[in-house]
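A.B. asks: below are the sequence and a predicted model; questions follow.
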Amino acid sequence: MRARVLVVDDDPALAEMLGIVLRSEGFAPSFVADGERALAAFRETRPDVVLLDLMLPGMSGIDVCRAIRAESGVPIVMLTAKSDTVDVVLGLESGADDYVVKPFKPKELVARVRARLRRGEDVTPEMLNIGPPNNQISIDVPAHTVTRNGDEVKLTPLEFDLLVALARKPRQVFTREVLLEQVWGYRHSADTRLVNVHVQRLRAKIEPDPERPEIILTVRGVGYKAGTS
Amino acid sequence: MMRRSIERGVELARLFWRTRAIRLVAGRVRPVVLRVRKTWRRSLQFRMAVITVVATGLLVSAFGLLLAKSISDSLLEGARADAHVKLERGSDYLTKQLETIPNGEDPGTDNDVQTRLVTLANSPEQGGDVTVAVKFSRATRTSNLRPMVSYPDVKLEDAREAITPQLEHQVADLGMIAHQVVTVHDNTYLVYGKPVYTRWTYGQVELYYVVSLKTEVVTADNLRTTIAIVGGALVVLLTILVVLVTRLVARPVRHAAQTAQRLSAGLLDQRMDVKGEDELALLADAFNHMAENLQRQIVRLEEMSRLQRRFTSDVSHELRTPLTTVRMAADLLYSERENFDPAVGRSAELLQTELDRFEELLTDLLEISRFDAGFAMLDVEPTDLVGLVRRVIDRLMPVAKRCGVELSVITPEPPVIAEIDTRRVERVLRNLVDNAIDHGQGQPVVVSLGSDSHAVAITVRDHGLGLKPGEEKLVFNRFWRADPSRARQTGGTGLGLSISYEDARLHGGWLDAWGEPGKGAQFRLTLPIRAGGRVSGAPLPLQPVDTLDSPVVPQQPAPTEVPA
């Protein structure tokens, strides 16, 4: 079964080129050129991964990202021409999992897409518990479910992976570089903002008070660790 | 011995209490003094009020004193002239009357004299509180006789004291008409004396008029009180007036200062109220005019900066999208180059490498223009620099190996945490090490990290050609090349050091260079530990220690050196 990739980009040449590269790498791409129709196309094609240009006519890439994220945890990789902090962070905060800056090399893009598709297929039953006693987070790894005090919390696959990575070794401090490698699959350290923004997103979902985190703790100057009881 | 030590102890205790008391008082007084001083410095109104109080106070009191003195002088002069006239008249009368008394030694003389004095004191033209006295200074009479008689008798005591020996000497011995003002038992008297000649054996007696100056004193006192009250009122009134006037001037000035502060804080639409047509209104008007111009300029600059930013961003996007397509196409061709004929294959290779250069150049140009437009932003977080340096070195190791350069790093063992923008600092360091490898002529490259409580410094040392004098500034210029004819080994856009320089400056830090021909070069990046801090000194020297005295021999790794 070939993985379906939805390419949301308004530049026909780039879209076509992306199509050539993706097909040659064994993906099944589909295309949509403007933001307004992106959501409909998404519902129709049910892609395994979305490549989303941030600058789109009609609806901005950020809005499309939010709309898709509102109904699905599908991996989203942004294509952006801007590497400015504000733009990148805005894109990540609106729900993107990863980004590539134009101009990118085909290999780089394919590696990003593959990394997003490579989901942990471990079926060994594994239950993880972290957080203080009054705020237990339980993670059922094979079932991909997370519950806080008995209520299920919806996480995207990437947020889930990030949480599992931290929870498997509670008390151990993970540097951002290590997390980038384990969760995002970057072999060389990339943009640590990816980690920061996703930790914030994760905290917003599982922490009672994201301003004073108890479950995912910051270790100043080093990185993050999972809090335990 | 014992006693002395006790005394010494008591002395010390006393000294202690005294200094303590002084300190206590000083402790109370000091804050007040400081506060007054502060108010003096900061309030024009207070200053004007104090100056007015002091100046008018001095003037009014001098004037009042002068006035009081001249009035009481003239009062006294009137009393004296009056008393003189009376004395002359009295002495004429007494001379005549004493003619009828044959002998001054007679015990009945006192009574006779007393009768005359009564007449004198009660004569209608006297009309006041006058004591008339006669003294027999030269009399040789026996002690049962009083050497002095006076009328009214009750004032005899006062009169006795009021006629002082000095006056008596002047009148009796020198025969002068003399007078003086004396205060006896809280009463002030004017005493006038004159010798009166008799047919008696000792020739003369002395007639004294003792005039009470009570009325004059009371009048003068009243006058003084009035002057003091009026003067005080004048001072208070003037002070109030000055305070009010100063306030009238100071308030708009203060208002102007506040408005200026708000303006500089960014509230550009702040204006002053313009009332009337006086100088203050003129100030307000000019101020508003200035604010208007400033606002217009700032808004214009902001608009320009916004447009520039927008333009850079648009150019970036518009250029990058087609470049991405070209890049991908070139990549595809490159991977298939074995299937083409040699010329086309080589073309695909050239296309690929030149696209790399083009991309680098575009990235650097956009980065520089971002600095120029002033919207490069710092994204700081606390980061361990030891880890960062080692990471960058690790990543550049393959490049160093390929060029045959020994790359080593000297860092302290514990983490050095500073608030920095990791992306930018990594970029600077990568660039510096890249350059060192590029220009190091295969000699070792050493990266060192040092820190103190305010700053961290990273130096990158190579032992290559070095820099000629003056070049240590030029290296940061855009597109500057040490030797234009020299073939480049690793490429580079010529913008790397300029961008690094701007990155350091954005952090509030420095990037500087040292180099000597044949001794190699050293670049030093200094950054403040805390974001927003300024660097005043660097923890590592710019010039390598080993170059200070002897010509340099390629350095042996120091014992502390840890190969990366």
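C.D. replies: That came through fine. All values derive from a computational prediction rather than experimental measurement. Residues are numbered from 1 along each chain as shown, chains lettered A, B, ... in the order given.
A.B. asks: now do the strands in chain A.
C.D. replies: A:4-8, A:28-32, A:49-53, A:76-80, A:98-101, A:127-130, A:137-140, A:145-148, A:151-153, A:174-175, A:216-219, A:223-226 (DSSP state E).
A.B. asks: what does the pLDDT read for residue B:235?
C.D. replies: pLDDT, residue B:235: 89.
A.B. asks: can you pull the contacts of residue B:366?
C.D. replies: B:312, B:315, B:316 (Cβ atoms under 8 Å, 6 or more residues apart in numbering or on different chains). The C-beta positions use only the backbone N, C-alpha and C, and glycine is treated the same way.
A.B. asks: wait, a helix at the last one?
C.D. replies: Yes. With DSSP: H, G, I helix; E, B strand; the rest coil as the criterion, residue B:316 is assigned to a helix.
A.B. asks: ok, and what's touching stretch B:527-544?
C.D. replies: With Cβ under 8 Å, 6+ apart, stretch B:527-544 has contacts from B:378, B:380, B:417-420, B:425, B:448, B:450-459, B:461, B:504, B:507-510, B:512-514, B:520, B:522, B:524, B:526, B:552.
A.B. asks: near chain A too, which of those residues?
C.D. replies: Intersecting the contacts of stretch B:527-544 with the contacts of chain A gives residue B:417 (criterion: Cβ under 8 Å from any Cβ of the partner chain).
A.B. asks: can you tell me which residues in chain A are near chain B?
C.D. replies: A:11, A:13-14, A:17-18, A:20-21, A:24, A:55, A:79, A:81-82, A:84-86, A:102-107, A:175, A:177, A:188-189, A:191-193, A:196, A:220-222.
A.B. asks: quick one: buried ones out of those residues?
C.D. replies: A:11, A:14, A:17-18, A:21, A:55, A:79, A:81-82, A:84-85, A:102-106, A:175, A:177, A:189, A:191-193, A:196, A:221-222 (16 or more other Cβ atoms under 10 Å in any protein chain shown).
A.B. asks: where does pLDDT dip in the chain?
C.D. replies: Just going to use chain A. Chain A contains residues with pLDDT under 70 at A:58, A:82-85, A:119-124, A:188-190, A:229.
A.B. asks: wrong chain, I was asking about chain B
C.D. replies: B:1-6, B:102-107, B:124-129, B:138-147, B:153-156, B:201-202, B:482-491, B:548-564.
A.B. asks: show me where it has its strands.
C.D. replies: Counting by DSSP E, the strands of chain B are B:130-135, B:148-151, B:178-184, B:187-197, B:204-212, B:381-384, B:407-410, B:417-420, B:445-451, B:455-462, B:510-516, B:520-528, B:562-563.
A.B. asks: where do the helices sit along the chain?
C.D. replies: Chain wasn't specified; assuming chain A. A:12-24, A:35-45, A:61-71, A:85-93, A:106-117, A:157-168, A:176-179, A:193-206 (DSSP state H).
A.B. asks: correction: the question concerned chain B.
C.D. replies: Under DSSP H, chain B gives helices at B:2-42, B:44-99, B:109-122, B:156-162, B:165-168, B:214-264, B:279-335, B:342-372, B:385-403, B:422-439, B:471-474, B:496-506.
A.B. asks: which one of those helices is the most hemmed in?
C.D. replies: helix B:422-439 (a mean of 22; mean count of other Cβ atoms under 10 Å in any protein chain shown).
A.B. asks: could you give the angle of that helix to strand B:520-528?
C.D. replies: Going by axes from the mean of the first three to the mean of the last three Cα atoms, to 10 degrees, helix B:422-439 is angled at 170 degrees with respect to strand B:520-528.
A.B. asks: export helix B:422-439 to PDB, keeping only CA atoms.
C.D. replies: Written as PDB, here are the backbone C-alpha positions of helix B:422-439 (Å, rounded to 0.1, in the frame of the first residue of the first chain):
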ATOM      1  CA  THR B 422      21.400  28.900  19.800                       C
ATOM      2  CA  ARG B 423      20.800  29.000  16.100                       C
ATOM      3  CA  ARG B 424      22.800  32.200  15.600                       C
ATOM      4  CA  VAL B 425      25.700  31.200  17.900                       C
ATOM      5  CA  GLU B 426      26.000  27.800  16.200                       C
ATOM      6  CA  ARG B 427      26.100  29.600  12.900                       C
ATOM      7  CA  VAL B 428      28.800  32.000  14.100                       C
ATOM      8  CA  LEU B 429      30.900  29.200  15.500                       C
ATOM      9  CA  ARG B 430      30.500  27.000  12.400                       C
ATOM     10  CA  ASN B 431      31.500  29.900  10.200                       C
ATOM     11  CA  LEU B 432      34.600  30.700  12.300                       C
ATOM     12  CA  VAL B 433      35.800  27.100  12.300                       C
ATOM     13  CA  ASP B 434      35.000  26.700   8.600                       C
ATOM     14  CA  ASN B 435      37.200  29.800   8.000                       C
ATOM     15  CA  ALA B 436      39.900  28.500  10.200                       C
ATOM     16  CA  ILE B 437      40.000  25.200   8.400                       C
ATOM     17  CA  ASP B 438      39.900  27.000   5.100                       C
ATOM     18  CA  HIS B 439      42.700  29.400   5.900                       C
END
